[in-house]
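In: sequence and predicted structure are below.
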Amino acid sequence: MSIKFKTFFLFLFFFINMNSIMAQENSDFYRQKGIVQYENEMYNFALESFTKAVRLNKEDYVSYNYLAKLALLRQERALALEFFKTSLEINENQDDILFITGELQDYYGNYNKALEFFTSALEINPENIMALIGSARIYSIKKNHQKSSEMFQKAFDLRIDKSAPFYNSGIEHMRKNNSENTISSLTECIKINPAHADAYFELAQYYRHLNRINDALKLLEKIKYLQPHLEKPYVQIAHIYFTVKFSKNYRQQILIAESNIKKAIEINDKNADYWEFLSEIYTSMDMYEESKTAGDIAFSLNKSKK
């Protein structure tokens, strides 16, 4: 029996057995109906069911959560935020929903509110790894790098026992140049432990080795998002955009390289290599005065080390 047929059979079975309940017009029926529809990607029908559920029971926080998820599928983040807020007003003891709400506040740049939601999620569940990572990101944005690193380390430690075997396996396969197993192992490592930063960097480098540039950039952008104060992803992204011509608009690539290396310098302006790289970028842009300035700073930093 195919998976699609099994799904259809379960769906049909649900409605046959719920006919007697349907007549009662209760919110439980519509909520359960909506869940089945949602899981089978029947989103328009699910929307109708969950809407009926909350009309019949304004305290049905689960249905509000699903209405929010449906809004997210339509990229209606503001509406999703309102639904999640309503759900939390009914039941504040939902660490997963607190985290998602915090993410939405982060998206809108409301960093203090985002941190409040992440903190509330951790008060309920101190092992909510995503809330730890979210908190780490906000502390990084707020320039509290020590606190950010501490939170990120806590998240890493929670899953390291489970992610380490996949990481080690991925590195071993990489040495043997076994592409498929390298990618699958390191991808699983990240899935298990989203705070396993080394896995992002190793897999990004391997994708670059395979000339899968966009895949490499996605991973580096992800770790840059999670820990904005780390200089390493900015440097690697800048290097890729400057050295690898993978789009028709190379001028645009150079500008992206410039913005990323300047961000790395903003984080650590004592690294002569970064200034030398920026000088080289300016030279390629025919910005010779700026190139000389950056080169002079690099020379001065190197001289001070001697």
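Out: On my side now, so go ahead.
In: pull the contacting residues for residue 141.
Out: By CB atoms under 8 Å, 6 or more residues apart in numbering, the residues touching residue 141 are 111, 228. In short, each C-beta sits where N, CA and C put it, glycine included.
In: next one: residue 64
Out: 50, 54, 83-84, 86-87, 90.
In: find the residue at the geometric middle of the protein.
Out: residue 222 (5.9 Å; CA atoms, centre = their mean).
In: so what's that residue closest to, chain neighbours aside?
Out: residue 200 (6.4 Å; CB to CB, 6 or more residues apart in numbering).
In: max-length helix in the chain?
Out: For the chain, the helix that runs over the most residues, judged by DSSP state H, is helix 145-175.
In: what separates residue 236 from residue 47, distance-wise?
Out: Distance check for residue 236 against residue 47: by CB to CB, to the nearest Å, it reads 42 Å.
In: more crowded one of the two?
Out: Between residue 236 and residue 47, residue 236 has the larger neighbour count (other CB atoms under 10 Å), namely 22 against 19.
In: okay, the more buried one: pLDDT?
Out: With respect to pLDDT, residue 236 has a value of 97.
In: output stretch 127-141 as CSV, nothing but the C-alphas.
Out: Extracted in CSV, the C-alpha atoms of stretch 127-141 (Å, rounded to 0.1, in the frame of the first residue of the first chain):
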residue,chain,number,x,y,z
GLU,A,127,16.8,22.6,27.9
ASN,A,128,15.0,24.4,25.1
ILE,A,129,18.1,24.5,22.8
MET,A,130,16.5,26.8,20.3
ALA,A,131,15.6,29.4,23.0
LEU,A,132,19.2,29.2,24.2
ILE,A,133,20.5,29.8,20.7
GLY,A,134,17.9,32.6,20.2
SER,A,135,19.1,34.2,23.4
ALA,A,136,22.7,33.9,22.4
ARG,A,137,21.9,35.7,19.1
ILE,A,138,20.2,38.6,20.9
TYR,A,139,23.0,39.0,23.4
SER,A,140,25.4,39.1,20.5
ILE,A,141,23.4,41.8,18.8
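In: please renumber so the chain begins at 36
Out: From this message on, residue numbering opens at 36, which makes the last subject stretch 162-176.
In: which positions within it qualify as buried?
Out: Buried residues in stretch 162-176, counted by 16 or more other CB atoms under 10 Å: 163-176.
In: report the mean per-residue pLDDT for that stretch.
Out: 98.
In: show me how far that stretch is from its chain's centre.
Out: 11 Å (CA atoms, centre = their mean, to the nearest Å).
In: other SSEs contacting the longest helix of the chain?
Out: helix 164-176, helix 214-227, helix 232-244 (3 or more CB pairs under 8 Å, 6 or more residues apart in numbering; DSSP states H and E).
In: how many neighbours does residue 207 have?
Out: Neighbours of residue 207 (other CB under 10 Å): 13.
In: with residue 248 instead?
Out: 17.
In: got the contact list for it?
Out: Residue 248 touches 242, 275, 279, 281, counting by CB under 8 Å, 6+ apart.
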